[in-house]
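J.: Got a predicted structure plus its sequence, pasted below:
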Amino acid sequence: MKKLIGSVAGILLSLAVAACSAPTGASSSAASAAASSASSVAASAASSETSSAASAASSEASSAASSTAAGTITDMLGNTVQIPEKIERIADSWPAHSEILMMLGAGDKIVATANTKQTVPWMFHINPSLSDAITTSNKDFNTEDLAAKQPDIFFMSPGNTNADKIKSMGIPTVQLNFTNYDEMKQCISLTAQVLGGDAITRADKYIQYLDNTLASVKQKTANLSAAEKPKVLHIQSLEPLKVDGSDTIIDDWITAAGGVNAAQGVKGNMKEVSMEQVLQWNPDVVIIGVNTGKDGAAELKANKAWANIKAVQDNKVYNNPSGAYGWDRYSAEEVLQVQWAAKTLHPDLFQDVNLVQMVREYYQTYLNYPLSTDEAQLILEAKPPAD
């Protein structure tokens with residue numbers, strides 16, 4: 001403000017001098033003009049200063065508002081939940097959701113998780129602070145241990161048997177889930193709204209990447225004829241034999257990638273089927289989910305019951321990649337899954353997709369982890385970290 005006053009005083013002096021040096025008869029006019037001009041300059045400068053101050057105040061207010069979580073939200077089951085202003089400690093009993101928290105920059109705030117180093121080794125490798133978290137995987141987990149961690153919020157999937165117990169502890173509980181890309185984006189946005197701060201910006205950035213990726217993949221596969229679309233069977237379990245049908249995100253990425261879900265007549269995730277049904281479907285490609293063992297593809301190909309399946313005969317049986325979480329379902333890495341599937345089903349159409357580079361860029365950008373080329377290759381092969 002002192003600089004402003006000094007600048008205005010200088011302008012007034014200059015204009016006054018000009019008025020005094022003007023010819024006789026013009027002095028009065030010049031002086032009047034000088035006064036008017038000075039007044040205008042002063043008003044303009046003061047207005048600019050006020051505007052700048054207001055803008056700065058608005059920016060600070062906006063920043064302050066975005067650094068805290070929402071007051072009240074409606075979760076994906078329609079429950080109204082009061083959210084604390086600050087989220088510093090998070091409990092999460094939905095295994096896949098922990099990676100979403102990591103992607104939104106809150107991985108180091110997780111104090112209770114359903115994951116273990118044995119089930120998702122990459123998640124713990126990338127986010128080692130999870131080793132200090134207590135487990136929420138057991139339906140009868142110790143509530144005293146949970147209370148000692150003092151979580152500000154508890155995330156869970158629908159149907160969690162501990163929901164009432166946790167609510168009775170006074171812990172705000174948010175229930176969410178997704179079975180398709182639209183619900184996935186809703187889940188991510190809602191989580192970001194709960195977390196507040198830069199989580200909202202991170203969520204927007206990820207969703208834009210997902211939308212752009214899906215649009216790009218679909219554009220390339222849109223003109224494929226029915227004969228050019230392979231029948232793809234996605235297997236969740238070999239014993240018992242369980243597959244994924246329609247109304248699933250698995251069906252979504254198979255379709256987007258230029259394939260057809262072989263499990264015709266099956267609706268939903270992880271549905272048990274017979275070998276006779278698989279023989280009737282006779283899939284062109286088989287993708288083995290991440291929960292089938294160390295090398296489900298090798299196990300399937302060694303099983304004589306599968307010998308007459310076209311995918312086995314053509315050597316098109318693949319282990320689904322798995323990183324911080326399995327790519328195939330519920331994972332933030334669904335954005336990588338659709339690209340991998342597209343290149344696997346139609347390598348000629350997606351020659352420009354460098355899978356290793358894609359994985360490394362994702363981990364650096366969204367998980368803030370500098371993945372090496374060798375590590376990216378291990379993830380693509382559904383193998384754990386070397387350590």
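T.: Arrived safely, thanks for sending. Numbers count the residues shown, from 1 in each chain.
J.: Quick check: which ranges of this protein have low pLDDT?
T.: Along the chain, the parts satisfying pLDDT under 70 run over 1-70, 138-140, 291-293.
J.: can you give me the strands for it?
T.: Remark: strands assigned in the chain by DSSP state E are 72-74, 80-82, 90-92, 110-113, 134-135, 153-156, 173-175, 231-237, 242-243, 260-261, 271-272, 285-288, 317-319.
J.: Which among the ones you listed is found nearest to Tyr363?
T.: For those, proximity to Tyr363 was assessed by CB to CB; strand 110-113 is nearest, at 18.0 Å. Glycine gets a C-beta too; all of them are placed from N, C-alpha and C.
J.: still on that earlier bit, in TSV, list the strands of the chain along with distance to Thr201 and mean neighbour count.
T.: Shown next, in TSV, are the strands of the chain (distance: least, CB to CB, whole Å; neighbours: other CB atoms under 10 Å):
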stretch	distance to Thr201	mean neighbour count
strand 72-74	18	12
strand 80-82	22	12
strand 90-92	19	27
strand 110-113	20	23
strand 134-135	30	16
strand 153-156	19	25
strand 173-175	20	21
strand 231-237	33	23
strand 242-243	38	22
strand 260-261	35	20
strand 271-272	39	14
strand 285-288	34	25
strand 317-319	35	21
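J.: Pipe those strands into JSON lines and attach distance to Gly296 per row.
T.: Shown next, in JSON lines, are the strands of the chain (distance: least, CB to CB, whole Å):
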{"stretch": "strand 72-74", "distance to Gly296": "39"}
{"stretch": "strand 80-82", "distance to Gly296": "39"}
{"stretch": "strand 90-92", "distance to Gly296": "27"}
{"stretch": "strand 110-113", "distance to Gly296": "25"}
{"stretch": "strand 134-135", "distance to Gly296": "26"}
{"stretch": "strand 153-156", "distance to Gly296": "28"}
{"stretch": "strand 173-175", "distance to Gly296": "31"}
{"stretch": "strand 231-237", "distance to Gly296": "7"}
{"stretch": "strand 242-243", "distance to Gly296": "12"}
{"stretch": "strand 260-261", "distance to Gly296": "19"}
{"stretch": "strand 271-272", "distance to Gly296": "16"}
{"stretch": "strand 285-288", "distance to Gly296": "4"}
{"stretch": "strand 317-319", "distance to Gly296": "6"}
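J.: my read: Asp152 touches Pro84, true?
T.: Yes: look at Asp152 against Pro84 with CB atoms under 8 Å: they come within range, at 4.9 Å.
J.: For the two, indicate the residue with more neighbours.
T.: Taking neighbours as other CB atoms under 10 Å, Asp152 and Pro84 compare with Asp152 leading, 19 against 15.
J.: Pull the CA coordinates from stretch 371-379 and hand them back as CSV.
T.: In CSV, the C-alpha atoms belonging to stretch 371-379 read as follows (Å, rounded to 0.1, in the frame of the first residue of the first chain):
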residue,chain,number,x,y,z
LEU,A,371,9.3,-48.2,-11.1
SER,A,372,12.2,-49.8,-13.0
THR,A,373,12.0,-51.5,-16.3
ASP,A,374,12.5,-54.9,-14.6
GLU,A,375,9.8,-54.2,-12.0
ALA,A,376,7.4,-53.2,-14.7
GLN,A,377,8.0,-56.5,-16.5
LEU,A,378,7.4,-58.4,-13.3
ILE,A,379,4.0,-56.7,-12.9
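J.: how far out from the middle of the chain is that stretch?
T.: Counting by CA atoms, centre = their mean, to the nearest Å, stretch 371-379 is centred 20 Å from the centre of its parent chain.
J.: Would you mark the buried spots in that stretch?
T.: Residues Leu371, Glu375, Ala376, Leu378, Ile379 are the ones in stretch 371-379 that count as buried (16 or more other CB atoms under 10 Å).
J.: which residue sits closest to the last one, ignoring its sequence neighbours?
T.: If the residues on either side of it in the chain are set aside, Ile379 comes closest to Gly323, at 4.3 Å by CB to CB, 6 or more residues apart in numbering.
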